[in-house]
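Novice: no sequence on hand, only this structure:
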Ligand SMILES: O=C(O)c1ccccc1N[C@@H]1O[C@H](COP(=O)(O)O)[C@@H](O)[C@H]1O
């Protein structure tokens, strides 16, 4: 079954939604973003989460000491990096599970996958001026011929209730990651989140 991550929780209501709908992962954004939360706010939200839901912290070219400090304050299961982090930077977090985001716009971008053989890769749209969370999909056909069996692939970028089933059929990812596509006016929307999760669970696997 394709795993589901809902990213960008900011409010107690968002925690209530995911506790009911039970995605596999939720994300807290600690990078520059309209969804940014402080470590203290994320820790408070995380304390109310169903313990079965794994917590992912999102960072962009952050000082590793800051990442470590946040991961001590918020019990993060996974670190997700959306900047220019090198393999050596990622290795500095030892055994911690890492998801490395790669922005995809061309076939050449697919070549970056070989740089990170150890990590789960999160394939996202490349959007000028944004590190993620832009709500824009990329052309999934660019992945034809890519080594999608190299390890876990998380598909992100502009997923929503209307396109997620097709995305799963084309890419067969380990997980799908959604933020903008389950929001209305910048806030998480219960009905969109519910429909998104239903579409993933009903998609032929
Ligand atoms: O969500 C954000 O604001 C964000 C900011 C900086 C880096 C990553 C961010 N989110 C991640 O972006 C992708 C795609 O999101 P969307 O569904 O297109 O809105 C996803 O992996 C989020 O975790």
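Specialist: All right, it came through fine. Predicted model only: the values in this text are computed from it and were never measured.
Novice: just the terminal-to-terminal distance for stretch 43-53.
Specialist: One end of stretch 43-53 sits 14 Å from the other (C-alpha to C-alpha, to the nearest Å).
Novice: rounded mean pLDDT for it, please.
Specialist: Per-residue pLDDT values over stretch 43-53 give a mean of 98.
Novice: which residues of this structure lie near the ligand?
Specialist: Applying C-beta under 6 Å from any ligand atom, we find that the chain lies next to the ligand at 7-8, 27, 29, 31, 33, 35, 58, 60, 82, 122, 124, 131-135, 156-159, 177-181. (Each C-beta comes from the backbone N, C-alpha and C, glycine too.)
Novice: which of the residues you listed fall within strands?
Specialist: 7, 27, 29, 58, 122, 124, 177, 178 (DSSP state E).
Novice: out of those, flag the one nearest to residue 15.
Specialist: residue 27 (12.6 Å; C-beta to C-beta).
Novice: I'd assumed residue 14 was in contact with that closest one.
Specialist: No. Using C-beta atoms under 8 Å, residue 27 makes no contact with residue 14, being 10.7 Å away.
Novice: contacting residues for the residue positioned nearest the centre of the chain?
Specialist: In the chain, the C-alpha nearest the mean C-alpha coordinate belongs to residue 177, at 4.6 Å (C-alpha atoms, centre = their mean). Counting by C-beta atoms under 8 Å, 6 or more residues apart in numbering, residue 177 touches 5, 7, 25, 27, 122, 154, 155, 156, 159.
Novice: make TSV out of the residues you listed and add neighbour count.
Specialist: Below are these laid out as TSV (neighbours: other C-beta atoms under 10 Å):
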residue	neighbour count
5	23
7	24
25	21
27	28
122	28
154	24
155	27
156	29
159	25
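Novice: which residues in the chain form strands?
Specialist: Taking DSSP E, the strands of the chain run over residues 3-7, 25-29, 54-59, 78-81, 97-104, 120-125, 153-155, 175-178, 183-184, 187-188.
Novice: by residue count, tell me the biggest helix in the protein.
Specialist: In the chain, taking DSSP state H as the definition, the longest helix is helix 190-202.
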